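Asker: sequence? don't have it. structure:
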């Protein structure tokens with residue numbers, strides 16, 4: 001009896017510890033990462049072969065800090081948020097219609113199969129990158145496995161931007177035929193609208209009473225349907241009650257000029273189709289140091305800290321721009 005109990009004990013111990021040993025995550029090495037990165041190229045080839053490469057591209061494959069989780073970062077093939085969202089939605093719809101499977105599931109399953117890792121130790125993330133290669137916080141899709149099920153998390157347009165939506169009613173044209181005067185509704189072309197927007201922004205923002213501020217208006221993109229424009233080095237446009245520091249005011253008492261009020265930057269993107277009289281787009285407000293002029297990447301989003309200010313500015317801006325455009 002004693003012998004039998006002793007012989008059973010190791011088996012009981014093995015049956016108890018084996019699942020726990022199997023549950024321990026694998027710690028990946030630098031050599032593993034080289035393999036994973038090579039497989040990232042194969043993953044891109046798979047995307048291209050399936051037609052998904054039209055919308056999606058591999059950004060990088062990386063390990064998290066503890067080296068027990070592998071991340072695949074993908075980005076959509078447009079730096080324009082609206083276009084990127086459209087690409088993603090179209091890719092999802094087309095893939096589900098063609099295969100009957102969710103695109104998120106296929107992206108994740110193919111990832112773990114190619115990388116030869118336990119599904120619980122991997123995740124896939126889909127982003128939109130701007131023209132500088134920075135991640136746009138308005139779009140994110142995360143895919144991972146939990147309790148044997150593939151799970152997803154996504155957000156679209158949960159971002160720090162204000163939507164521009166203006167229904168234009170331009171002054172009608174007056175025509176006289178055989179002595180009779182009639183009014184004809186006027187449809188604005190995109191060239192008319194974008195020219196007027198540029199003129200409006202130049203008139204409103206390139207002059208300033210703030211010392212040491214030199215507002216710069218930059219047209220970053222202009223096509224038949226899109227105008228992307230920014231104005232930097234502004235002062236008290238959105239943050240209207242900003243005050244100079246005590247130090248700066250003390251310097252002024254000594255007869256020297258000083259201005260350390262936060263700098264502001266406004267980023268606009270307008271979308272308009274000729275003849276539609278419907279102007280859309282988005283506005284992003286940012287702020288930077290008042291001591292030195294920051295680079296573009298040095299500005300911070302006004303939201304959420306200055307959301308009330310940006311809301312007030314956004315409402316006023318749309319009203320003023322609408323009035324200006326309708327009089328042109």
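Answerer: Here it is on my side, so go on. Keep in mind that this is a model prediction, so the values were computed, not measured.
Asker: dihedrals phi and psi, the most centrally placed residue in the chain?
Answerer: With distances taken as Cα atoms, centre = their mean, the chain has residue 136 as the residue nearest its mean C-alpha position (2.4 Å). Here is the backbone geometry of residue 136 (degrees, to the nearest 10): phi -90, psi 120.
Asker: partner strands of the strand ranked longest in the chain and their direction?
Answerer: Assignment by DSSP state E gives strand 278-288 as the longest strand of the chain. Applying DSSP bridges, strand 278-288 is found paired with strand 162-167 (antiparallel), strand 263-271 (antiparallel), strand 300-301 (antiparallel).
Asker: now it: buried residues?
Answerer: 279, 281, 282, 283, 284, 285, 286, 287, 288 (16 or more other Cβ atoms under 10 Å). C-betas here are computed from N, CA, C, even on glycine.
Asker: distance of the second one relative to residue 135?
Answerer: Between residue 281 and residue 135 the distance, using Cβ to Cβ, to the nearest Å, works out to 21 Å.
Asker: state the mean pLDDT of stretch 100-116.
Answerer: Average pLDDT, stretch 100-116: 96.
Asker: can you list contacts of it?
Answerer: 36, 39, 42-43, 46, 52, 56, 61, 70, 72, 74, 91-92, 95-96, 99, 118-119, 122-124, 126, 141, 143-145, 150, 152 (Cβ atoms under 8 Å, 6 or more residues apart in numbering).
Asker: narrow those residues to those in helices?
Answerer: 36, 39, 42, 43, 46, 91, 92, 95, 96, 99 (DSSP state H).
Asker: now for the residues you listed, which pair is the farthest apart?
Answerer: For the ones in helices among the contacts of stretch 100-116, the farthest-apart pair by Cβ to Cβ is 36 and 96; their separation is 28.0 Å.
Asker: in terms of packing, which of the two has more residues around it?
Answerer: Between residue 36 and residue 96, residue 36 has the larger neighbour count (other Cβ atoms under 10 Å), namely 23 against 14.
Asker: which non-adjacent residue is nearest that one?
Answerer: residue 61 (4.9 Å; Cβ to Cβ, 6 or more residues apart in numbering).
Asker: residue 219 bridge partners, please.
Answerer: Beta-bridge partners, per DSSP bridges, of residue 219: residue 229.
Asker: could you list the low-pLDDT ranges of the protein?
Answerer: For the chain, applying pLDDT under 70 flags the ranges 1-23, 157-160, 176-179.
Asker: for it, what spans make up the strands?
Answerer: 56-63, 70-76, 122-127, 139-146, 149-156, 162-167, 173-177, 180-184, 216-222, 226-234, 263-271, 278-288, 300-301.
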